[in-house]
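> Below is the structure, and that's it, no one-letter string:
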Ligand code: MLT
């Protein structure tokens, strides 16, 4: 499905049943697309209205025409999601974001708190980018401009999945990254580097919150998860076994069960 919002044509998967319990917005990680949530759409789609957009420039969503640097930030991604919710008549939703999707979930919650019900934060963090990370993002932006998305796939893939999951999910994740436009990757990297540090905001989060972490995640750490848990009232950590950074994809049954419990709490 497509929606014209904020000057872009945005693709979104929509699993709707006639009388849903509520809505869930699933926000993908970098540099992936909505299809990473396929097993959550199957599982939650029989109860909730499930919307999984491709963020601007990703998957089947178009790049903003003549986009300037300002067109890319976690806040802009969040603005697009709100415009999509408006278009679909969704007033409030649970928001589930993985890694960069978690940073977008933070932006949604910060800017549009009344529209966000529970937060499900998967393999993500609340802190800003450290100095060495900023240097690495700048290097990666040059790399993708010079060599295309495959070079980013080659760099990122080893860290995204637990070693035992490469045979099962490696080709699928590689395809997601390689089919992402290099322009979108290059434009997103500075936005990731400049994302807001949410550490001082955590105490304002209300209601049950899930912090899910693949037990072998090499990008988000237990320290990141504990920091969020310790500062958010009513937050729980779920360690997802046999999974790396893409826990909802790598071990969907365990992830879905943990998410289900928090939604039903
Ligand atoms: C992601 O999976 O979205 C990225 O690893 C986010 C990041 O690099 O901070």
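Everything's here; your move. Just so we're clear, the structure is a prediction, and the values are computed from it rather than from any experiment. Numbers count the residues shown, from 1 in each chain.

> wait, is residue 128 part of a helix?
No. Counting by DSSP: H, G, I helix; E, B strand; the rest coil, residue 128 is not found in a helix; it is coil.

> since we're on it, how many residues are nearby?
By other Cβ atoms under 10 Å, 15 other residues sit near residue 128. Every C-beta, even on glycine, is put in place using the N, C-alpha and C of the backbone.

> Let me see the contact set for the residue nearest to it when sequence neighbours are not counted.
Of all residues not flanking residue 128 in the chain, residue 197 sits nearest, at 3.4 Å (Cβ to Cβ, 6 or more residues apart in numbering). By Cβ atoms under 8 Å, 6 or more residues apart in numbering, residue 197 lies in contact with 126-128.

> before we move on, what SS does residue 197 have?
Residue 197 - assigned by three-state DSSP - is coil.

> Then residue 77?
Residue 77 ends up helix, using three-state DSSP.

> Show the contacting residues for it.
Here residue 77 is in contact with 27, 55-56, 104, 107 (Cβ under 8 Å, 6+ apart).

> confidence score at the residue nearest to residue 128?
On the pLDDT scale, residue 197 is placed at 98.

> sec struct for the residue in the stretch 101-250 of the chain positioned nearest to the ligand, please.
Among all residues of the stretch 101-250 of the chain, residue 219 sits closest to the ligand, at 4.7 Å; criterion: Cβ to the nearest ligand atom. Put simply, residue 219 is coil when judged by three-state DSSP.

> and it, how many neighbours?
Neighbours of residue 219 (other Cβ under 10 Å): 17.

> my guess is it contacts residue 133, does it?
No. In this structure, residue 219 is not within contact of residue 133 by Cβ atoms under 8 Å, at 10.5 Å.

> And the strands in the stretch 151-265 of the chain?
209-214, 235-240 (DSSP state E, counting those that start in this stretch).

> Please determine whether the first one lies in contact with the ligand.
No. Using Cβ under 6 Å from any ligand atom, strand 209-214 stays clear of the ligand, coming no nearer than 11.1 Å.

> That strand - which strands sit beside it in the sheet, and in what orientation?
Each strand paired with strand 209-214, and its direction, by DSSP bridges: strand 116-122 (parallel), strand 235-240 (parallel).

> Go through the shortest one and flag the buried ones.
Neighbour-count burial for strand 235-240 flags 235, 237-240 (criterion: 16 or more other Cβ atoms under 10 Å).

> So which of those reach the ligand?
Counting by Cβ under 6 Å from any ligand atom, no member of the buried residues of strand 235-240 reaches the ligand.

> sorry, back to before: tabulate the strands of the stretch 151-265 of the chain (CSV), appending mean pLDDT.
Converted to CSV, these look like this (pLDDT from 0 to 100):
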stretch, mean pLDDT
strand 209-214, 98
strand 235-240, 98
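
> Can you report how many residues lie near residue 148?
When neighbours are counted by other Cβ under 10 Å, residue 148 registers 14.

> burial count for the residue lying closest to it once chain neighbours are set aside?
By the measure of Cβ to Cβ, 6+ apart, the closest residue to residue 148 outside its immediate chain neighbours is residue 182, 5.1 Å from it. Residue 182 has 19 neighbours, counted by other Cβ under 10 Å.

> does the ligand sit close to stretch 133-146?
No. Between stretch 133-146 and the ligand, judged by Cβ under 6 Å from any ligand atom, nothing touches; the nearest distance is 7.6 Å.

> Going forward, the N-terminal residue is numbered 581.
Okay, residue one is now 581; in that scheme the one you just asked about reads as stretch 713-726.

> Outside of that stretch itself, list whatever touches it.
Outside stretch 713-726, the residues touching it (Cβ under 8 Å, 6+ apart) are 709, 731-732, 735, 762, 765-766, 769-770, 772-773.

> 7 Å instead, please
Residues outside stretch 713-726 that contact it (Cβ atoms under 7 Å, 6 or more residues apart in numbering) are 731-732, 762, 765-766, 769-770, 772-773.

> Same check on stretch 788-795?
698-703, 742, 800, 802, 805, 808-809, 812, 814-821, 823-825, 827, 830, 835, 838-839, 842, 845.
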